[in-house]
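S.K.: here is a sequence with its predicted model. Questions after.
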Amino acid sequence: MTASAKVNLLISLAQIDGTTADREKNYIRKIGIANGIPAEEMDSLIERRHDLIVPADLTAKEKFDYLFHLVQLMKIDERMYKEEILFCSTIAEKLGYRKEVMFELMLHVKPGAMDADEQEALENITRNYLAE
């Protein structure tokens, strides 16, 4: 999965409620920069609409990371809209998860930093929801 595909999906989620809050922009910007996208490019990406393309050839780890970041972004502004939850559920299914994975993620993903052990434990739980 390319960094830009991941960032574009996050941007699409952030735009679902009609506005992109500063906290959402900062979160997306950090992920983009951490994945090698220059800061100047991130600013222009955040302002545009993007097609929803979910890559089909992701590893289980990449699928988890993709979904984890979506849920964390959804929770970052401390408001979860029905449209955002439905969006994340749809993406989860496109990634090969059963939509019930969203219950686990919504319960356990924190809007702030999570340490590696917490993320690994959650990743192990979510593997049970991968459709085989």
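M.R.: Looks like it arrived, so ask away.
S.K.: look up how far Ser44 lies from Cys88.
M.R.: Look at Cys88 and Ser44: by C-beta to C-beta, to the nearest Å, they are 25 Å apart. Any C-beta I mention is one placed from the backbone N, CA and C, and that applies to glycine too.
S.K.: which one's more surrounded, these two?
M.R.: More crowded of Cys88 and Ser44, by other C-beta atoms under 10 Å: Cys88, with 23 against 8.
S.K.: so which strand or helix has the more buried one?
M.R.: Using DSSP states H and E, Cys88 falls within helix 82-94.
S.K.: and Leu130, backbone torsions?
M.R.: Main-chain torsions, Leu130, degrees, to the nearest 10: phi -70, psi 130.
S.K.: test my guess that it contacts Glu93.
M.R.: No - assessed by C-beta atoms under 8 Å, Leu130 is found out of contact with Glu93, at 11.1 Å.
S.K.: for Ala14, list the residues it contacts.
M.R.: By C-beta atoms under 8 Å, 6 or more residues apart in numbering, the contact list for Ala14 reads 20-21, 24-25, 28, 46, 73.
S.K.: of those, grab the buried ones for ChimeraX.
M.R.: In ChimeraX, this line selects whichever of these come out buried by 16 or more other C-beta atoms under 10 Å:
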select :20,24,25,28,46,73
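S.K.: and the residue nearest to Ile125 when sequence neighbours are not counted, how far from Leu10?
M.R.: Once flanking residues are discounted, Ile125 sits nearest to Glu104: 5.5 Å by C-beta to C-beta, 6 or more residues apart in numbering. For Glu104, the distance to Leu10 (C-beta to C-beta) stands at 20 Å.
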